[in-house]
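Student: structure for the following, please:
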Amino acid sequence: MSNFRYDRLVQKALISVVRDVLADVAVNGLTDNHHFYIRFMTNHPKTVVPKFLRDQHPEEIMIVLQYQFWNLKVEKSQFSVDLNFDGIRETLVIPFDALMAFVDPSVKFALQFTPGMISQIDDEFPTDDGPNGGKSDTNPSEKISSDDNIISFDSLRKK
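Tutor: Presented below is the predicted three-dimensional model:
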């Protein structure tokens, strides 16, 4: 059996696509006919939605980002956005781990996700300084050329 969890790695890569697109929209706004349908779990422990919305949609909901959205902020593990519900502006906080689908119908683009998988990946593969606190586990005899970033494995060659 493989040690690689390709399903999780692909999921993480696809979340990066959504994160990058939303970050661009947060800075530049939507262009052309782009708009997004975003389906996510309302019952995810880190999802923040108004109580009335969670009461109406206890498991999942789909929101649309098109004309009336404000304060889109994208972070590593979540994004937040203000939407209008019955004339009242509400802030939603949506962890990427709670995403179920991301669709941009203007270009016939859609992604489907398995919620909860991203936090498992991040737990298994920390993205901060790593298990060595930012220190390399490379052998000190391996020389890195500052000009070309080439690693020399001369010490490992048979003599």
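
Student: low-scoring stretches of this structure, by residue?
Tutor: Scanning the chain for pLDDT under 70 picks out 1-2, 116-159.

Student: for it, what spans make up the strands?
Tutor: Here the chain has its strands, by DSSP state E, at 36-41, 60-65, 69-74, 78-85, 88-95, 99-104, 109-112.

Student: quick check: which of these is nearest to residue 29?
Tutor: Nearest to residue 29 among those is strand 69-74; the distance by CB to CB comes to 9.1 Å. C-beta here means a position set from N, CA and C on the backbone, and glycine is covered the same way.

Student: report the buried residues of the longest helix along the chain.
Tutor: Assignment by DSSP state H gives helix 6-28 as the longest helix of the chain. For helix 6-28, a neighbour-count test (16 or more other CB atoms under 10 Å) marks 8, 11, 12, 14, 15, 18, 19, 21, 22, 25 as buried.

Student: how far away from the center of its chain is it?
Tutor: Centroid displacement of helix 6-28 relative to its chain, using CA atoms, centre = their mean, to the nearest Å, is 5 Å.

Student: what packs against that helix?
Tutor: strand 69-74, strand 99-104, strand 109-112, helix 117-124 (3 or more CB pairs under 8 Å, 6 or more residues apart in numbering; DSSP states H and E).

Student: can we see that at 6 Å?
Tutor: Helices and strands touching helix 6-28, by 3 or more CB pairs under 6 Å, 6 or more residues apart in numbering; DSSP states H and E, are strand 69-74, helix 117-124.

Student: pull the CA atoms of it into PDB?
Tutor: Taking C-alpha atoms only, helix 6-28 is exported to PDB below (Å, rounded to 0.1, in the frame of the first residue of the first chain):
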ATOM      1  CA  TYR A   6      -2.700  11.500  -3.300                       C
ATOM      2  CA  ASP A   7      -6.400  12.300  -2.500                       C
ATOM      3  CA  ARG A   8      -5.300  14.600   0.300                       C
ATOM      4  CA  LEU A   9      -2.500  16.200  -1.700                       C
ATOM      5  CA  VAL A  10      -4.800  16.900  -4.600                       C
ATOM      6  CA  GLN A  11      -7.400  18.300  -2.300                       C
ATOM      7  CA  LYS A  12      -4.800  20.700  -0.800                       C
ATOM      8  CA  ALA A  13      -3.700  21.800  -4.300                       C
ATOM      9  CA  LEU A  14      -7.300  22.500  -5.300                       C
ATOM     10  CA  ILE A  15      -7.900  24.500  -2.200                       C
ATOM     11  CA  SER A  16      -4.800  26.600  -3.200                       C
ATOM     12  CA  VAL A  17      -6.600  27.400  -6.500                       C
ATOM     13  CA  VAL A  18      -9.600  28.700  -4.600                       C
ATOM     14  CA  ARG A  19      -7.500  30.600  -2.200                       C
ATOM     15  CA  ASP A  20      -5.500  32.200  -5.000                       C
ATOM     16  CA  VAL A  21      -8.600  33.200  -7.000                       C
ATOM     17  CA  LEU A  22     -10.300  34.700  -3.900                       C
ATOM     18  CA  ALA A  23      -7.200  36.600  -2.900                       C
ATOM     19  CA  ASP A  24      -7.100  38.100  -6.400                       C
ATOM     20  CA  VAL A  25     -10.700  39.000  -6.200                       C
ATOM     21  CA  ALA A  26     -10.200  40.600  -2.800                       C
ATOM     22  CA  VAL A  27      -7.600  42.900  -4.400                       C
ATOM     23  CA  ASN A  28      -8.900  43.500  -7.900                       C
END
